[in-house]
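# can't give you the sequence, but here's the structure:
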């Protein structure tokens, strides 16, 4: 039994084009199928634009809601995969494939104690 | 007593990487491997002068380090978890994937090298980690070598070990399909260590530092012993040996760089040259297409083959550079090719090839132009080029050389 670790692949969005093209969506679907077939799949999803975000602070009394994203930035996370892999070399290969298929840069980051 | 001291130094050179590598595999933790190996050597320094050197020092050190690791793990509250972690990263737990052919390559030290030189780590991190884990240099030694504060260097290494653990950088020889790229990554680390010793980039450092070049050669010899069939590993070792052979006469008594054509060839190290030449010949005989390091080694073999600079087979040098340009058409390679062209076709032809290369920020570009312009009698332009080169050069010996050449210019 190979102990698996979980990684998050976040998709970095750094241009002005709005959403993924039909071609990119098709490539992402193919990649998702591959992740499922090879047993790496945990979760994947695209995120709505940062302008739709709400910052919530519920630490003290009545929760405070603030319209807009936590960080104002030209680069933001447009979506993410959560994958399982035996080690970083496998995760890097999948992240490279993910980057190619969604046509964006991605950040690969391990979950704690995976 | 002295004898034992010498034995310990030798054993440290020969066995450090093996002990660290074995422990890293057994415990799946570079921290434990490093610290317990260091403790085992400290115990040897205490015990061996009293008890005598054990018949098999390497085995003694591994056993001692292993016991210390077990003791430490027992002391730790989270013992069970640690043991589970230990099973995590080893090759043995992964028989589902095709790994590179085993045999000669199946050595824990090679796993250690590939882990330390993993592409997910920044280059300066790989260098520090390799010198510590594989080379056995202490953190203060590495900090001194790269003129970095000791605490900063310690942090760099600690952070690297934490990333290896958290991100699960595997302790294994890469998959066959990844191997060529990963070997290239290892060689880049070794070559950087060598070059930092051979041409220190910092004006506050000594111009040439034999400790670093020697360490780079020692590590490359180790990698070569582990991967004897890899042509580029052999090529890099040959390149280092043929360069190292000229180290003693590379800087004059007054601390100035001595260029190739002015070096006392009788003072070159014949033994290193013979070994380098033998490696180059063996690669040529293999009939396999050479990579970058093999071509660079062959160029150095042509140079070191000539009893006098006038005997240099420049057309052979240029043919090799042509081969290199096909692999790596970078402006730096084309600059070096042009330097050889100057010897065969004259400075005018060479200057035409140099001008227009996008190397404005590179001191050697301006130093080359300065020399070519000087040879063409264009003193004023040459002086300006020397000024640019002096402003950009970091190495003390090189700066001293360039200043003297500039001041020797006569006429407009």
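Everything's here; your move. This one's a predicted model, so the numbers in the text were calculated from it and none came from an experiment. Numbers count the residues shown, from 1 in each chain, chains lettered A, B, ... in the order given.
# what's around the one residue in the stretch 51-200 of chain B that gets nearest to chain A, how many residues?
Relative to chain A, the nearest point of the stretch 51-200 of chain B is residue B:170 (3.9 Å; C-beta to the nearest C-beta). Glycine gets a C-beta too; all of them are placed from N, C-alpha and C. Per other C-beta atoms under 10 Å in any protein chain shown, the neighbour tally for residue B:170 reads 22.
# pLDDT score assigned to it?
pLDDT for residue B:170: 91.
# how's chain B carved up into domains?
Following automatic domain parsing, chain B resolves into domains at B:2-88, B:340-412.
# re earlier: hmm, the residue of the stretch 51-200 of chain B closest to chain A is touching residue A:89, no?
Yes: between residue B:170 and residue A:89 there is a contact under C-beta atoms under 8 Å: 5.5 Å.
# contact partners for the spatially most central residue of chain A?
Chain A has residue A:80 as the residue nearest its centroid, 1.3 Å off, counting by C-alpha atoms, centre = their mean. Neighbouring residues of residue A:80 by C-beta atoms under 8 Å, 6 or more residues apart in numbering or on different chains: A:8-11, A:43-45, A:47.
# same check, this time on residue B:161
B:30-31, B:34, B:129 are the contacts of residue B:161 under C-beta under 8 Å, 6+ apart.
# among these, which lie within helices?
B:30-31, B:34, B:129 (DSSP state H).
# could you work out the most separated pair of those?
The span of the ones in helices among the contacts of residue B:161, defined through C-beta to C-beta, is set by B:31 and B:129 at 12.0 Å.
# what about these two, which has more around it?
Higher neighbour count among residue B:31 and residue B:129: residue B:129, with 26 against 15, using other C-beta under 10 Å.
# nearest residue to the more buried one other than its sequence neighbours?
residue B:116 (4.3 Å; C-beta to C-beta, 6 or more residues apart in numbering or on different chains).
# check contacts around the closest residue to chain B within chain A.
Distances between chain A and chain B by C-beta to the nearest C-beta are smallest at residue A:87, namely 3.9 Å. Contact partners of residue A:87, counting by C-beta under 8 Å, 6+ apart, are A:5, B:89, B:168-170.
# mind checking pLDDT for residue A:72?
81.
# secondary structure class for it?
coil (DSSP: H, G, I helix; E, B strand; the rest coil).
# surely the residue nearest to residue B:129 and residue B:135 touch.
No: in this structure, residue B:116 is not within contact of residue B:135 by C-beta under 8 Å, at 9.6 Å.
# could I get the buried residue list for stretch B:228-242?
Neighbour counts over stretch B:228-242 (16 or more other C-beta atoms under 10 Å in any protein chain shown) mark B:230-242 as buried.
# for that stretch, the distance to its chain's centre please.
Its chain's C-alpha centre lies 11 Å from the corresponding centre of stretch B:228-242 when counted by C-alpha atoms, centre = their mean, to the nearest Å.
# so how many other residues sit close to residue 7?
Reading this off chain A. 25.
# correction: the question concerned chain B.
15.
# state the number of residues packed around residue B:59.
13.
# what strand or helix carries it?
helix B:57-75 (DSSP states H and E).
# what packs against that helix?
helix B:2-27, helix B:30-51, helix B:79-86 (3 or more C-beta pairs under 8 Å, 6 or more residues apart in numbering or on different chains; DSSP states H and E).
# buried ones in the host helix or strand of residue B:278, by neighbour count?
Using DSSP H and E, the element containing residue B:278 is helix B:270-286. Residues B:272-273, B:275-277, B:279-280, B:283 are the ones in helix B:270-286 that count as buried (16+ other C-beta under 10 Å).
# stretch B:305-316 now?
Quick answer for stretch B:305-316 (16+ other C-beta under 10 Å): B:312, B:316.
# returning to that earlier point: of the ones in helices among the contacts of residue B:161, closest to chain A?
The closest of the ones in helices among the contacts of residue B:161, once distances to chain A are taken by C-beta to the nearest C-beta, is residue B:30, at 13.9 Å.
# quick one: pLDDT of that closest one?
Per the predicted model, pLDDT is 93 at residue B:30.
# show me what contacts it?
Contacts of residue B:30 (C-beta under 8 Å, 6+ apart): B:20, B:24, B:115, B:133, B:161, B:164-165.
# could you redo the last one with a cut-off of 10 Å?
For residue B:30, the contact set (C-beta atoms under 10 Å, 6 or more residues apart in numbering or on different chains) comprises B:20, B:23-24, B:89, B:112, B:115-116, B:129, B:132-133, B:157, B:160-162, B:164-165, B:169, B:171.
# of these, buried ones?
Judged by 16+ other C-beta under 10 Å, buried ones among those: B:20, B:23-24, B:89, B:112, B:115-116, B:129, B:132-133, B:157, B:160-161, B:164-165, B:169, B:171.
# so where's the stretch 101-250 of chain B uncertain?
Along the stretch 101-250 of chain B, segments meeting pLDDT under 70 span B:101-106, B:200-208.
# can you redo the contacts of residue A:87 as CSV with distance to residue B:139 and secondary structure?
Putting the contacts of residue A:87 into CSV (distance: C-beta to C-beta, whole Å; DSSP: H, G, I helix; E, B strand; the rest coil) gives the following:
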residue, distance to residue B:139, secondary structure
A:5, 29, strand
B:89, 24, coil
B:168, 25, coil
B:169, 20, coil
B:170, 25, coil
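# for residue B:358, state which of the residues you listed is nearest.
Using C-beta to C-beta, the contacts of residue A:87 come closest to residue B:358 at residue B:169, 35.7 Å.
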